[in-house]
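K.L.:
Here is my input; please provide its structure:
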Amino acid sequence: MRNKWLWVASVFVYAFLYLPLVIVIAYSFNDSRLNAEWVGFTLHWYQVLLNDEQMLRAALNSLLIACTASGIATVLGTMAGIAIHRYKLKLLPVLVITPVAMPEILLGVSLLLFFIQVLNLTLGMLSVLIAHITFCIGFVAIIVRARLAGMDESIFEAARDLGATPWQTFRLVTLPLILPGVIAGALMAFTLSIDDFVITFFTAGVGVATLPLQIYSMIKIAVTPEVNAVSTLLMMLTLGMIVIASRISPEAIKGNA
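P.N.:
Numbering: from 1, shown residues only. Predicted coordinates:
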């Protein structure tokens, strides 16, 4: 009986989580300008989406920011993950992981004040990029650290005993072993960056639009099937990245969770 109620509770929880996503996908094919009721099946809203210059520009901005931020965050996060694993300093994990644990709205406001009052930086693509790199580094570091935690330290000691320099040990031994974790971290950073709304909202200047910001500006007027269509594509991209990351380094994803 206990298992039965556990299954019932699980079904309700998963339905609560995923049913809204299924509705978003379904109504992206709705042959109606409003999502008040189902009228019929159509691909019209995907055609409208492909001809929407503002949406395409916002998507291009999101892709540019996500690719750049994930690339830089992967390099810095990998170095941070290795440093946390090797040096065992108590303060270092706190400094690296704090942006991950901090509420997004607090991080967004902090970065906004830092850019304006300290750096006197005009908000724009650069400020958004720096903000995304800041919160992505911690996620990459956690995944790389989780990958390193499951390795035998004697491998690295053997390389040094055989005369390898620190750079040779990293290039020929450490990097190939942690590469799945590095790739998984890069994919996770890309996913988080392209999906981010809160931090981007605070750090984007006038005239800078990313995909989440563009979607938000559209739903303030009405939730049209075009919004459903772009949300569906963004959802598929995000889920695809997460699935690839989990397949490449499943133990790293579990460690991050």
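
K.L.:
which SSE is residue 62 in?
P.N.:
helix 53-87 (DSSP states H and E).

K.L.:
by contact count, what packs against that helix?
P.N.:
Contacts defined by 3 or more Cβ pairs under 8 Å, 6 or more residues apart in numbering; DSSP states H and E place helix 53-87 against helix 91-101, helix 125-149, helix 175-195, helix 211-219, helix 225-248. Bear in mind the C-beta positions are built from the backbone N, C-alpha and C, glycine included.

K.L.:
What I need now is those helices written out in CSV, including mean neighbour count and mean pLDDT for each item.
P.N.:
What follows is these, written out as CSV (neighbours: other Cβ atoms under 10 Å; pLDDT from 0 to 100):
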stretch, mean neighbour count, mean pLDDT
helix 91-101, 14, 82
helix 125-149, 24, 90
helix 175-195, 22, 87
helix 211-219, 18, 84
helix 225-248, 18, 80
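
K.L.:
ok so, going back, what angle separates the helix holding residue 62 from helix 91-101?
P.N.:
Inter-element angle recorded for helix 53-87 and helix 91-101: 160 degrees (by axes from the mean of the first three to the mean of the last three Cα atoms, to 10 degrees).

K.L.:
Of all the helices and strands packed on helix 53-87, which one is nearest residue 22?
P.N.:
helix 225-248 (10.4 Å; Cβ to Cβ).

K.L.:
helices or strands next to that closest one in the packing?
P.N.:
Applying 3+ Cβ pairs under 8 Å, 6+ apart, one finds that helix 225-248 contacts helix 2-27, helix 44-50, helix 53-87, helix 175-195, helix 211-219.

K.L.:
again, only this time at 6 Å
P.N.:
Contact partners of helix 225-248 among helices and strands, from 3 or more Cβ pairs under 6 Å, 6 or more residues apart in numbering; DSSP states H and E: helix 2-27, helix 44-50, helix 175-195.

K.L.:
Identify the residue nearest the geometric centre of this structure.
P.N.:
In the chain, the residue lying closest to the centroid (Cα atoms, centre = their mean) is residue 192, at 1.3 Å.

K.L.:
mind checking how far it is from residue 140?
P.N.:
From residue 192 across to residue 140, the span is 10 Å (Cβ to Cβ, to the nearest Å).

K.L.:
What of residue 120?
P.N.:
Distance, residue 120 to residue 140, by Cβ to Cβ: 29 Å.

K.L.:
can you check residue 85 too?
P.N.:
Going from residue 85 to residue 140 by Cβ to Cβ gives 13 Å.

K.L.:
Same question for residue 162.
P.N.:
Residue 162 sits 30 Å away from residue 140, taking Cβ to Cβ as the criterion.

K.L.:
Using a markdown table, lay out the helices and strands packed on helix 53-87 together with distance to residue 205.
P.N.:
Converted to a markdown table, the helices and strands packed on helix 53-87 look like this (distance: least, Cβ to Cβ, whole Å):
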| stretch | distance to residue 205 |
| --- | --- |
| helix 91-101 | 21 |
| helix 125-149 | 7 |
| helix 175-195 | 18 |
| helix 211-219 | 11 |
| helix 225-248 | 22 |
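
K.L.:
for the ones you listed, which one sits closest to residue 28?
P.N.:
helix 225-248 (3.7 Å).
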